[in-house]
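K.L.:
The following comprises the amino acid sequence and a computationally predicted model.
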Amino acid sequence: MARHLQREIENLKKHILTLGAIVENSVRQATMAIQDGDANAGADVINKDIEIDHLEVTVEEECLKILALHQPVATDLRFIIAILKINNDLERIGDLAVNIAERAIFLADNPAPDISVDLMEMARKAQRMLKQSLDALVNLSDALANEVLLADDEVDALNRQMYIEVQEAIREHPDKMESLLHLLSASRHLERIADHATNIAEDVIYMIRADIVRHKTELYTAHLPQMNDE
């Protein structure tokens, strides 16, 4: 029975990592669609979302089956609980990638005026957080998960600056208000992706140490060594 449980857990790991890879690619492709003004790339992200939704359901069903048939305890139980939550966060990130792709399609034909905040820098930081959170899951590394928690404030700050810049740009270019609002929306979606990556990192920490750091992240990260952004 224990051997069968471990086989099912290994299979579950493969599925969640496959989902993570697909979601990572969707975020990357959606942000590049904005940078390149590529409406076709944005449409491709939207069309692929059904694959993410299907795999998310598969992972959830596998988790529930393992819980019902094997009634895991201790480390295995924490793993299943964490995967259920990570699965939901990945599906939401996939939805946010679709939202960014929709902004890219509009902006391809209606470009926004240049502003000083670099949306692609924000995208790179959010994507790095997502990658590190998944790497933390693969390697069961609380050090990598800690880096994700520390990076979230940087993305939040860029999003706040984007809001200020867009406000000013709308005053200067009222005829471009709709395009600027789409740009701001893309920034907000990236900020939410970073939040979900943080959730994943918190769940990895729970999986490893049985320590629930949600709602006390600021207190927790205050005692962590600061990481340099490469």
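P.N.:
It's in.
K.L.:
Endpoint to endpoint, stretch 32-46 covers what distance?
P.N.:
Between the start and the finish of stretch 32-46 there is a gap of 14 Å, counting by C-alpha to C-alpha, to the nearest Å.
K.L.:
how distant is that stretch from the center of its chain?
P.N.:
Remark: stretch 32-46 is offset 18 Å from the chain centroid, using C-alpha atoms, centre = their mean, to the nearest Å.
K.L.:
Can you list the residue ranges for helices in this protein?
P.N.:
The residue ranges that make up the helices of the chain, judged by DSSP state H, are 2-36, 39-70, 74-109, 119-139, 142-172, 177-209, 217-221.
K.L.:
okay if I get these as JSON lines plus mean pLDDT and mean neighbour count?
P.N.:
(C-beta placed from N, C-alpha, C; glycine too.) JSON lines is the format used below for the helices of the chain (pLDDT from 0 to 100; neighbours: other C-beta atoms under 10 Å):
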{"stretch": "helix 2-36", "mean pLDDT": "93", "mean neighbour count": "17"}
{"stretch": "helix 39-70", "mean pLDDT": "95", "mean neighbour count": "16"}
{"stretch": "helix 74-109", "mean pLDDT": "96", "mean neighbour count": "21"}
{"stretch": "helix 119-139", "mean pLDDT": "95", "mean neighbour count": "21"}
{"stretch": "helix 142-172", "mean pLDDT": "95", "mean neighbour count": "18"}
{"stretch": "helix 177-209", "mean pLDDT": "96", "mean neighbour count": "23"}
{"stretch": "helix 217-221", "mean pLDDT": "53", "mean neighbour count": "14"}
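K.L.:
can you tell me which residues contact the residue lying closest to residue 107 once chain neighbours are set aside?
P.N.:
Nearest residue to residue 107 in three dimensions, chain neighbours excluded: residue 182, at 5.6 Å (C-beta to C-beta, 6 or more residues apart in numbering). For residue 182, the contact set (C-beta atoms under 8 Å, 6 or more residues apart in numbering) comprises 103, 106, 107, 110, 112.
K.L.:
what's the answer for residue 162, then?
P.N.:
115, 117, 119, 122, 183, 184, 187.
K.L.:
ok, 10 Å please
P.N.:
When contacts are counted by C-beta atoms under 10 Å, 6 or more residues apart in numbering, residue 162 touches 115-119, 122, 180, 183-184, 186-188, 190-191.
K.L.:
now do residue 9
P.N.:
With contacts defined as C-beta under 10 Å, 6+ apart, the neighbours of residue 9 are 62, 63, 66, 70, 72, 75, 76, 79, 80, 83.
K.L.:
Return the two entries of the residues you listed that lie farthest from one another.
P.N.:
In the contacts of residue 9, two members sit farther apart than any others by C-beta to C-beta. They are 62 and 75, at 17.6 Å.
K.L.:
before we move on, back to that, pick the one among the contacts of residue 9 closest to residue 167.
P.N.:
Minimum separation from residue 167 among the contacts of residue 9 (C-beta to C-beta) is found for residue 83, which lies at 40.8 Å.
K.L.:
My read is that residue 77 contacts residue 71, right?
P.N.:
Yes. Taking C-beta atoms under 10 Å as the definition, residue 77 is a contact partner of residue 71 at 8.5 Å.
K.L.:
what number of residues lie near the residue nearest to residue 168 when sequence neighbours are not counted?
P.N.:
The spatially closest residue to residue 168, leaving aside those adjacent along the chain, is residue 115, at 8.0 Å (C-beta to C-beta, 6+ apart). When counting by other C-beta atoms under 10 Å, one arrives at 19 neighbours for residue 115.
K.L.:
From residue 7, how far out is residue 115?
P.N.:
Using C-beta to C-beta, to the nearest Å, we find residue 115 at a distance of 52 Å from residue 7.
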